[in-house]
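S.K.: Sequence first, then the predicted structure, then my questions.
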Amino acid sequence: MDPSFGLLSALDPLRGSEAYAVAFKLFLAAVFGGLIGLERRRKRRPAGFRTHILVCVGVTLAFCTNLYLYDLFMKLFPEGYDKLDISRLGAQVINGIGFLGAGTIIITGRHQVKGLTTAAGLWASACMGLAIGAGYFECATIAFIFIYLTITSFNSVEKLLTERSRKMNVYLIVGSQDKIHVVRDKLESMSITVFDIEITNVRDLPMQPPSLVIETELPHRSSHSDVIMALAATDGVIAVEEA
């Protein structure tokens with residue numbers, strides 16, 4: 001193997017399709033996928049520990065099968081093995097994993113899209129499984145580190161950037177429809193620009209208190225948490241959170 005790819009000779013025996021190599025690949029896939037899944041389960045996401053293990057192990061198994069078929073075809077038909085596309089099975093697996101990720105994405109009544117990170121994590125776990133199945137352990141390890149950091153440490157970075165953004169969507173539940181004007185006056189008194197207000201539960205559910213999704217732009221150096229606290233203290237507001 002070309003050392004320019006950073007392959008470690010000590011791991012070379014584990015890159016093939018022998019039984020011990022396959023066992024190591026599946027074990028590594030279960031460990032890496034499980035660690036990512038544990039973080040998702042800790043945040044009570046729909047796809048957690050077992051789902052990520054199954055996805056990563058399943059994709060690893062698919063590529064190990066691909067390697068085995070390639071080796072078998074090469075032994076049986078040594079003159080035509082170069083016509084076999086070794087990446088075909090793995091490519092179909094990556095396309096097929098989309099249906100599982102789509103099942104974790106939901107749009108709430110508050111116009112929030114949830115589950116995108118979990119869906120992306122499943123897809124990344126599938127790609128990581130392909131790397132493990134191919135025996136590219138260095139790539140899989142580096143990918144695991146980046147994936148894990150993205151869904152753990154980068155979460156605080158994302159929250160920091162969101163907190164400093166001037167764009168803010170607010171979800172509120174008010175006691176009655178006439179309190180909507182009170183909320184809007186409160187926002188304008190804080191020099192907050194209101195772009196759009198979407199009102200629900202007025203006609204469809206007249207017995208339920210109205211809920212609002214307000215799209216706003218804050219003045220410079222305004223804190224999102226300060227806006228939430230000010231709205232929570234407004235007369236007639238039952239519940240408020242950033243959408």
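M.R.: Cool, the structure landed.
S.K.: pretty sure Ala140 is touching Ser125, no?
M.R.: No. Ala140 is beyond contact range of Ser125, at 10.4 Å (criterion: CB atoms under 8 Å). (Each C-beta comes from the backbone N, C-alpha and C, glycine too.)
S.K.: Looking at the two, which has the bigger crowd around it?
M.R.: Ser125 (31 against 24; other CB atoms under 10 Å).
S.K.: Packing partners of the host helix or strand of the more buried one?
M.R.: Secondary structure assignment for Ser125, by DSSP states H and E: helix 116-133. For helix 116-133, the packing partners by 3 or more CB pairs under 8 Å, 6 or more residues apart in numbering; DSSP states H and E come out as helix 19-42, helix 49-76, helix 88-96, helix 98-102, helix 137-151.
S.K.: circling back to that earlier point, so for Ala140 and Ser125, which residues contact both of them?
M.R.: In terms of CB atoms under 8 Å, 6 or more residues apart in numbering, Ala140 and Ser125 are both contacted by the residues Phe32.
S.K.: can you list the domain ranges for this protein.
M.R.: Following automatic domain parsing, one finds the domains of the chain at 3-160, 165-242.
S.K.: What's the per-residue pLDDT of the spatially closest residue to Gly48 that is not a sequence neighbour here?
M.R.: Spatial nearest neighbour of Gly48, excluding adjacent residues (CB to CB, 6 or more residues apart in numbering): Arg41 at 3.2 Å. For Arg41, the pLDDT comes out at 73.
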